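Visitor: Structure for this input, please:
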Amino acid sequence: MKLSDINIRDPFVLLHEDKYYLYGTRGATCWGEADGFDVYVSDDLETWSEPHEIFHNDGSFWATMNYWAPEVHQWNGAFYMFASFKAEGVCRGTCILKADNPMGPFVPHSDGPVTPGDWECLDGTFYADKEGKPFIVFCHEWVQAIDGEIWAMQLTDDLTAPAAPPRLLFTASEAEWIVPGRPVMGKPSFVTDGPFMWRTADGELLMLWAAFSQEGYTQGLAKSTNGEIT
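Guide: Take a look at the predicted model:
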C-alpha cells in the first residue's frame, strides 16, 4: 500500500536492518475508545505492507481510550514502545511496552505510566545521555498545566520506572513565535506536543517539538545550552 493509503496520526519511523517500521495513532479511533497499535513495513518509504497489529488490549490493560503517539526505540538488545494512554477518570500518561523485535508483539513493561500519576501527560520519547543513562522526555499537557511544559526524567536502566524526579526543560510560552489557544480556567493556554531528541554530528543536542504559531500547527526547534539533557 502507498503512504497516502495509511490512516494514522503521530507517525514514527524506526530504521532497523535496512527496513523501515512505521508506527502511529490509529486514525479511526484516535479520539475515542481504542485497543491497540499497528506497524507498517517498507524497504523504500514509499510502498508499505498492510497493517500488522503489534499490541492489542485483551481486557487486562488499564487504558481504554486515546492510544496515542507510539514510538519504538532499541535499548539493551530489546525494543521498547513509549506510548500515551488514558482511561475514564485516570490521567493520561506514557507507558512503556517491550518486544523482542520491531514487529512485536509488545507487552506492558512499566508498572503503569512512568509519567507522574496526577499529571495529564503525553508524547513521551526516549533519550540516552552521553553516559548511557536513559531518560523519558514528555509533555505536561496544556489542558492541565495551561502553559504547556516539557520535562525530562531519568529512568531505571531496565526502563520500568522513574529513577529520579522530573526536571522542567521549558514552557511553551518561552517560544517567541507561539500563539495562545483556547482559554483554560480563564487563562490563555499554550500547547506543547511531540518532543523528539536529536544529537547533531558536531555534538549539539536538539529537540523537535510542536505548538501553534500564526501560521498554524508548527514544528519548533529547541537547543540545549550545555549539550546535555540536565
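
Visitor: Just give me the residue closest to the centre of this protein.
Guide: In the chain, the centroid-proximal residue (CA atoms, centre = their mean) is D123; its distance is 3.0 Å.

Visitor: in what helix or strand does that residue lie?
Guide: Under the criterion of DSSP states H and E, D123 resides in strand 121-128.

Visitor: so what does that strand touch, helix or strand wise?
Guide: The helices and strands touching strand 121-128, judged by 3 or more CB pairs under 8 Å, 6 or more residues apart in numbering; DSSP states H and E, are strand 65-75, strand 78-87, strand 90-99, strand 134-140, strand 193-199. C-beta: built from backbone N, CA, C; applies to glycine.

Visitor: what's the distance between the closest residue to P116 other than its chain neighbours and V114?
Guide: Nearest non-adjacent residue to P116, counting by CB to CB, 6 or more residues apart in numbering: P166, 6.7 Å away. Using CB to CB, to the nearest Å, P166 is found at 10 Å from V114.

Visitor: Between those two, which contacts overlap?
Guide: Counting by CB atoms under 8 Å, 6 or more residues apart in numbering, the contacts common to P166 and V114 are M153.

Visitor: quick one: which of the two has more around it?
Guide: Per other CB atoms under 10 Å, whichever of P166 and V114 has more neighbours is V114, with 26 against 21.

Visitor: Assess the claim that the more buried one and I96 are in contact.
Guide: Yes - at 6.1 Å, V114 and I96 qualify as touching, with contact defined as CB atoms under 8 Å.

Visitor: so what sits against both of those two?
Guide: Common contact partners of V114 and I96 (CB under 8 Å, 6+ apart): T160.

Visitor: circling back: which stretch among the helices and strands packed on strand 121-128 is buried most, on average?
Guide: Stretch with highest mean neighbour count among those: strand 134-140 (a mean of 24; mean count of other CB atoms under 10 Å).

Visitor: Now the element after that strand, going C-ward?
Guide: helix 142-145.

Visitor: Show me the contact partners of that following helix.
Guide: C91, W119, E120, G148, T171, A172, G181, V184, S189, F190, V191, T192.

Visitor: Having no further points to raise, I will conclude here.
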